[in-house]
Structures are given as C-alpha cells and as structure tokens.
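1. Fold the following, please.
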Amino acid sequence: MKSIIYKITIALYLLIFCAACNKEEDNNYVIPADKRYLSTVTNDKGETLLTVTYYDDKKIKMISGKAISYRYLYNDEGNVATVLISAPDGKIENNYIYTNGKISSYTYNGTNYPVTYNAAENSYTFNYLSDDLIKLFFDKENNCSKMITDDITIYFFYENNRKGCLFNGSNMGLTNFIGSLPTFLFFQYTLNVTTIPLESIDGPVSNKLTNEYDSANFLVKSTNKSTSFDENGDMKTTESVMNYHYIEL
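-> Residues are numbered from 1 along each chain as shown. The predicted structure is shown next:
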C-alpha cells in the first residue's frame, strides 16, 4: 500500500514539475517575426485600449476600442473597400474607390468626396467631409510623414530601424483613414499603432514617444509625452503608457 502511495506521489510530483517547465518554456517563447500580429494594446493600469482580430488570410478584420469599433472589408486586390464604424451615437459606413491602386474617392454615409493623388509627392488631397481641406504625405513605407490642414502643418517622425506593432497585417496609418481622420489621428497620436514606431510628432501639439523593444526588435511599450497649451495659454504636459501584446498567426 505504501509502495502504491509512494509511486502516486512521485508521479504527481513529476507532472507538477513538467507543467512548471512547460510554463517556463512558454514564457520564454518568442513568436517568429513573420508570424507576429498585434492582439491588444493596454495602458499602465492593465486596461485594454484596443483589440484586433483577423481574417484567415491575416488581414485585419476588426479593431475594437472601449466605445468604438471598426470592421474592414477588402476588394479583390486586397485594398480596404469598406470600413464599418460602430459607435454609441450610431453607425457610419465609409467606402473607397481606387484608380490604378490609389484612392480616387471615398463615400461617407452615402455622400461622395473626391480624392486627388499626387505621385511625385506621394500625397493625397481631400476634404474631410464638407469641411477642412486635408493633404496627407506618405513616406516609402506608406506611413504618414506630414499632414497639412488650413494653416496647420504636422510632421511625423519614425524609428525606421524598428518594427511597429502593425509590422505585419495592415497599417492603420495608411490611406484607408481618408474619411476617418479622427481615427487616423487617434491611432497615430495616442496609441502609436503603425508599421514603424513613431518617435515624435511636431505641430501645435508636440509628442515625444519613448519606445521599448523585445529581442525580435518589436515594439512592446511606448510612453507618449504630449506638450500643449491649455485654455489659459499655459504649457501643460500629459503622459500616457501603452503596452503591445501579440499573437501568432
């Protein structure tokens, strides 16, 4: 009887030991660079700011935030054809028309707006709805490098030798945010959700981002220090922290 109990005890010990080893191996496991896709973005309190899901072909299917979500539909060429936006105050549908692979117009809830592409500048000019005229310039990585609206110019600078949280998948700073400008700015300014990590943003509001990377050179943490003026004209600085979590696809 004692022999049986002894054998059972040893077996249980080995199972616990092996489970601990496996857990340790899992904690040390690094997702291969070509299979690493953004899953969630959390703040320094551990609260989820953003969740990303994917189609079987690894294109982004949906991005969900605390109060708003974006569902992406693609055309046969793999370009974003429709963005369905769900928010507490209603739903919005953006549709995109392409000419020679470049956006030539977008439709916002049934109203069409033309988009002009300048190949020499790699820029897009369009009206954000019926209001401001916007001009977006893109670099060779298709990240926005400059935005001009009225008399305001904003510059975006990147850490070109690093991998952003959307290094794989789709770049949410790309031209599918024509027609969804507040979302484009939210991802760029606040969450640093791009293919190449932002280093700083210069404009009416200045942002300095301090980024941390893992052994595979992927962005894992970003601290965003924003400097602006309050309603009294006094300088103020705010700081936010984002943590990036990945899944293997």
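
2. who's in contact with the closest residue to residue 152 other than its chain neighbours?
-> On the basis of C-beta to C-beta, 6 or more residues apart in numbering, the spatially nearest residue to residue 152 that is not a chain neighbour turns out to be residue 204, at 6.1 Å. The way it works is simple: take the backbone N, C-alpha and C, and place the C-beta from them, glycine included. By C-beta atoms under 8 Å, 6 or more residues apart in numbering, residue 204 lies in contact with 152, 154, 228.

3. do that again at 10 Å, thanks
-> Neighbouring residues of residue 204 by C-beta atoms under 10 Å, 6 or more residues apart in numbering: 152, 153, 154, 228, 229.

4. Name the member of the residues you listed that has the highest neighbour count.
-> Among the contacts of residue 204, residue 154 has the most neighbours (other C-beta atoms under 10 Å), with 20 neighbours.

5. and the residue nearest to residue 152, how far is that from residue 228?
-> Counting by C-beta to C-beta, to the nearest Å, the gap from residue 204 to residue 228 is 7 Å.

6. Repeat that for residue 112.
-> For residue 112, the distance to residue 228 - C-beta to C-beta - is 35 Å.

7. what does residue 248 give?
-> Note on residue 248: its distance to residue 228, by C-beta to C-beta, is 39 Å.

8. now residue 75
-> Taking C-beta to C-beta as the measure, residue 75 falls 39 Å from residue 228.

9. And for residue 95?
-> Counting by C-beta to C-beta - residue 95 and residue 228 are separated by 34 Å.

10. repeat for residue 192
-> Distance from residue 192 to residue 228, by C-beta to C-beta: 18 Å.

11. Now the spatially most central residue of the chain. Nearest residue, chain neighbours left out?
-> Closest to where the C-alpha atoms of the chain average out (C-alpha atoms, centre = their mean) is residue 193, at 2.7 Å. In space, and not counting its chain neighbours, residue 193 is closest to residue 187: 4.3 Å by C-beta to C-beta, 6+ apart.

12. Doesn't the one you found lie inside a strand?
-> No - secondary structure of residue 187 (DSSP: H, G, I helix; E, B strand; the rest coil): helix, not part of a strand.

13. What is the neighbour count of it?
-> Residue 187 has 23 neighbours, counted by other C-beta under 10 Å.

14. what does the model give it for pLDDT?
-> For residue 187, the pLDDT comes out at 79.

15. ok, it touching residue 52?
-> No - with contacts counted by C-beta atoms under 10 Å, residue 187 stays clear of residue 52, the gap being 11.2 Å.
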